[in-house]
Each structure stands twice: as C-alpha cells, then as structure tokens.
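[1] give the three-dimensional model of this entry:
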Amino acid sequence: MRRRHFLRSSSALITLPFLESLGFQRFASAAPVVAPPKRMIFLGFGWGVTRESWFPDVATTGADYDLPKGLAPLQRHKKDFSIIQGLENQFSNEAHWGSTFYLTGANRYAVPGQSFSNSISADQVAAEQLGTDTRYTSVQLCGADNDGHGPGQSLAWNRQGKPVAGWNNPVVAFHRLFSDDSTPLEQRQAMLKQRRSVLDAVLIEARSVRRGLSKTDTEKLSEYFQSIRDIETRIAKEEQWLDVPKKQAAHPIDEPRGEIEGYQEVKVMYDLLVAALQVDATRVITYRQPGGTTFLQSLGATLSGHNMSHYAPGMRQEVSELRDRKQSELLAGLIDKLKATKEADGTSLFDHVSLSYGSNINSIHYLTNCPTLVAGGGAGIKLGQHLVKADGTPLCNLWLTLLQGIGLDVPSHGDSQGVIKELVNA
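    You can find the predicted model right below:
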C-alpha cells in the first residue's frame, strides 16, 4: 500500500494517522523502525503578560524554581518545558505589535526610504526544509481577533518579508484539513443540517481499512475519528451561519460573542493543530492566537485588550492575571493532548515536537524580556529549567537554537549571535 493513506469521497478527504499495520513504520518484521518526523509549533499572543505574576523570580534559576501563579496551570508539565528571560528583538519599537517581528527579529527601517520592511520568519525557514513531503508546506492559524498583534496576516513572513496568509477561524481550518476542497459551502451546510459528519461520507471505506488493522491501530484510528467528530460538533453551529449576513441594529450595541470565540476558539484551534500534525498534513504550524478583547469577553471581563494592557493594581490587573491563567490552562491542555497522541513506534507526538509560546510584548507595552516558554522533545533541548539571560539577548538566538536542534542546516537567523548554550544538550 502507499505510504500516505486517505479516505476519500465526493465531499471529504480524510488523511489517516501513521499506522504500523498499513506499513507506515515497519515494512517487515526485521526492517528498521523509521523515526517519526520532527515538527515545529510557534504560538504567539498579543499584549504580553502580567509581569508581576507570570515571570519566575530571577534569583531562582535552574530546575528548583517556583512557578508563579500566571503559569500555575502548567505545574503538571513543569519538567517538560523551560522558561527563558532576558530575550528581546532589539529593533522592536512598536508597543502594540505583539507578533509582527516576533519570529523575524527584523528592523522595520532596514530598507532606506521605506517605513516598514520585514524578513523571513523562523517557521518559514523550517518549512523550506521540513515541508517538502507534506500536503501543506506550513499551516498558519489565526484568531479572528487580531487585537494586540500588529501588521501581518499570521505569525509567518516569507523570504521576501511579505505576510503569509492564515486560516482565521476554526471552520475554515477544519474544512481545509478534513473536507474535499471542491465541496461547496452549501453542500457542507446541508450535510450538517442532516446531522451528517464528514466522516459519514467515507464510512464504507473506513470500515474496509479497519479490517486490516491490529488492535492497537484500530484503537488509535477510533480515537482519531472521535477527535474529528468532537471538533466538528463544536463548530457545527457556527458553520451554519457562515453565509448569513449579520443584521445591523438600529442603535449600536455590542456584538454578542459566540461559544466558538475567545477561549473556546483557542481550544478548538489547538485540537485542530494536533490533528494536522498527527496525520502529517504539515510539520510546521504557527498560531497567532487571540488574547485581547474577544478573549477577555469570553472570560466574562468587560475590558478591552488595550485597556487591560495598561493595568495597575486593582480590577485591570486582576483581569490581566485571569487572562494569563486561562492561557496557561489552554497550553497545559495542548501539552496533555500532544503527550497522549501516540506515534506508530510507541512514542508520543510531544516527543517529536518543538513548541514555543510567547509574545514580542513583555507587559504594559514594554518590549524587553519577551515572555518565552519552550517545550517538547523535537529540538532535543534541555527542559524543566528557568534561564535568565543577559538583558538584550536576541530572541533570534532562541529561534536559531530550535531550528538547529530540530536538525536543520541554518547558520543564523535574523539578528542572532549564536545558540543559547544552556538549552543545548551536550
């Protein structure tokens, strides 16, 4: 059978995860096991964090540090991520742009006579080498709310310094991954009204595939299908309203926030992210996620993202700290899922992923000491530690460390001055 396996119908194209029974890993009992591919995930958010309660105490470095309350939901994964302080993009000068230069480290005035220029982002450097054998060279996910992010259509910028477009809501992302591209929106909506899943369209073929699987692979495939159904159920209501124009009120009112926005939006996007990696649809993913006004409203807060970012002791700081905890809660759930998703060789997806999480903004519009967390075994870096680098250490040093750690031939990136040696395993 072919190395890549699909279930196809007139309205769906489902890529199967790596299954040993279908020859993804072992082609004979004595044949060597092919290692699962390396992947990279870059997660970025706007408006930074609450510096009083997100950053660990600089006096306590190494493994014996206490997680501050902003990171407390990640306690169960403490040995599997590292926090790095002191990193920044030296050319950053726009306090409202949490992602524009986050992965590039570029100088916006580098081109004489122009007020804006950018360079290639770290994810696209990775995609040039990791994306040659996948359906999508890279996947860019975006929140519908770009509050606090700045210019750009995602976290990604190509080699010419031009923005790379992203999928800006879970519905679009879901159908790009799991529906046939030629299926009209009207047909997909009709299927939903009939309470049909995209999986139903490939059910007969799916049953035939199951007959040739081992017990372990059968369970793995069932878990994968259930994950797709769960995601589909959560976005179904929003999809039915995709082509319905919004009515304009006679008097201006705040737009109601649906259950798929804000916190739930990030949760669904994280699930889609894992599914995309599981089936090897791509090996490089960025997600410019909402962390501003829409996210706050989904938590029951009434502040705008910008007003929250100018926090002071009292209600604004409480909202900012709530935002931090909820984002950490979501990240902990993503790590849970990466660890629970098994590869054909018995390892976890987390073992082969390099994950970074942070913002170009520190807090209250400060642009130094960018909040930075790295996790996953893909880059072979040292995890479970708190590092404090000298102020002004290029954030691009981290991107270079991860790119080289994942096995890519990259001599430098942006304004990098070298790798972060404390992260590199001897």
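
[2] ok, and the helix or strand in the protein with the lowest average confidence?
    helix 185-193 (a mean of 62; mean pLDDT, DSSP states H and E).

[3] burial measure for the closest residue to residue 380 other than its chain neighbours, as a count.
    Beyond its immediate neighbours in the sequence, the residue positioned closest to residue 380 (Cβ to Cβ, 6 or more residues apart in numbering) is residue 405, lying 5.1 Å away. For the C-beta atoms, the positions are set from N, CA and C on the backbone; glycine is no exception. Residues lying near residue 405 (other Cβ atoms under 10 Å) number 22.

[4] give me phi/psi at residue 405?
    In terms of degrees, to the nearest 10, the main-chain angles of residue 405 are phi -70, psi -30.

[5] kindly report the same for residue 355.
    As for residue 355, its main-chain torsions (degrees, to the nearest 10) stand at phi -120, psi 130.

[6] wait, what's in contact with residue 369?
    When contacts are counted by Cβ atoms under 8 Å, 6 or more residues apart in numbering, residue 369 touches 51, 55, 85, 86, 87, 88, 362, 391.

[7] just put these in CSV and tack on pLDDT.
    As requested, the contacts of residue 369 are arranged in CSV below (pLDDT from 0 to 100):
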residue, pLDDT
51, 95
55, 98
85, 98
86, 98
87, 98
88, 97
362, 96
391, 94
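
[8] which one (most neighbours) among these?
    residue 87 (25 neighbours).

[9] residue 210 versus that one, what's the distance?
    Here the distance between residue 87 and residue 210 works out to 48 Å (Cβ to Cβ, to the nearest Å).

[10] quick one: low-confidence residue ranges for the stretch 151-300 of the chain.
    Low-confidence segments of the stretch 151-300 of the chain, defined by pLDDT under 70, are located at 179-199, 201, 203-205, 230, 233-259.

[11] tell me which stretches of this protein form helices.
    51-54, 122-130, 170-178, 185-193, 203-210, 215-240, 263-278, 293-298, 305-309, 315-340, 395-405 (DSSP state H).

[12] so how many other residues sit close to residue 390?
    The burial count assigned to residue 390 is 7, neighbours taken as other Cβ under 10 Å.

[13] what about it, distance to residue 57?
    Plainly put, residue 390 is 17 Å away from residue 57 if you go by Cβ to Cβ.

[14] now residue 356
    Separation of residue 356 from residue 57 (Cβ to Cβ): 22 Å.

[15] same check, this time on residue 37
    Computed with Cβ to Cβ, the distance linking residue 37 and residue 57 is 38 Å.

[16] likewise residue 397?
    Counting by Cβ to Cβ - residue 397 and residue 57 are separated by 23 Å.

[17] more crowded one of residue 356 and residue 57?
    Here residue 356 and residue 57 are compared on neighbour count by other Cβ under 10 Å; more neighbours surround residue 356, at 26 against 11.
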